[in-house]
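[1] here is a sequence with its predicted model. Questions after.
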Amino acid sequence: MLHLKNYFNESEQQALVELTRNIAKTNGGMTIPVMPTGSKFNCSQTSCGLVGWLSDRHGYRYSKINPQNNQPFAAMPAELVEIAQHLAKLVDEPNYQPETCLINFYAAERKSKMGLHQDNTERNLIPCIISISLGDDCIFSIGSNRSRKDPVTDITLRSGDVLILHGETRLAYHAVKKIVPGTSPLLKNNGRLNLTIRQVY
Ligand code: MD6
Ligand code: FE
């Protein structure tokens, strides 16, 4: 795991927020998906790139079509491709292909969190996942890649931080334990945005 604190400065963070707004607009907004269990996520989501990540009663999957508007997802902005390829080189993945970016928004007013999970919907589970945090601080728990019952370590992800799960940690269990409201001035109404860039195939 590689945690780069304050990797993006304030104006870069603002540019990333603007970029996600444009993606959401192109996609016809963000949605709060349901899990296969039928319960709702505690955040709203959308994606950009070749495919987008979807969750519904049938399970988790990647799709070329956004069910929100029956169109392809917004293209991955060139800036994001460049950022991802640069970051992937830092973990010795020079041939990284950023194919999708999942955007999660956690509203400040809700007690937003995300349960312990492994990211394993991708067809290729080798390439790293690059995560960018924007807005309020998040207490992020990370455990082992063997069992969800293994102990977790809590780290704080702050606005502008990058977290890369690669190698051994690519399939580590992780969770968003808590968002700490009002800890960043970046987003007008507080809350937290998280971008996770992935190579799927
Ligand atoms: C979040 N992130 O930070 C949720 N997954 O809001 C994730 O679930 C995640 O940060 C894979 C790799 C990095 C992550
Ligand atoms: Fe995840």
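    Perfect, I can see it now. Ligands and ions are numbered 1, 2, ... in the order given.
[2] CA only for contacts and neighbour counts going forward, please
    Fine.
[3] tell me how many other residues surround I164.
    Counted with other CA atoms under 10 Å, the neighbours of I164 add up to 22.
[4] how near is it to ligand 1?
    Separation of I164 from ligand 1 (CA to the nearest ligand atom, to the nearest Å): 6 Å.
[5] for that residue, helix, strand, or coil?
    Recorded secondary structure, I164: strand (DSSP: H, G, I helix; E, B strand; the rest coil).
[6] now do the contacts for it.
    Contacts for I164 (CA atoms under 8 Å, 6 or more residues apart in numbering) come out as M1, L2, H3, C128, I129, I130, S131.
[7] one more: Q14?
    By CA under 8 Å, 6+ apart, the residues touching Q14 are L186.
[8] repeat that with 10 Å
    Q14 makes contact with F8, L134, G135, G160, L186, L187 under the criterion CA atoms under 10 Å, 6 or more residues apart in numbering.
[9] before we move on, what about A74?
    Counting by CA under 10 Å, 6+ apart, A74 touches 22-28, 46-52, 66, 100.
[10] sort out which of these are buried, if you could.
    23-24, 26-28, 46-52, 66, 100 (16 or more other CA atoms under 10 Å).
[11] take these and keep only those in helices.
    I23, A24, T26 (DSSP state H).
[12] alright, that wraps it up for me.
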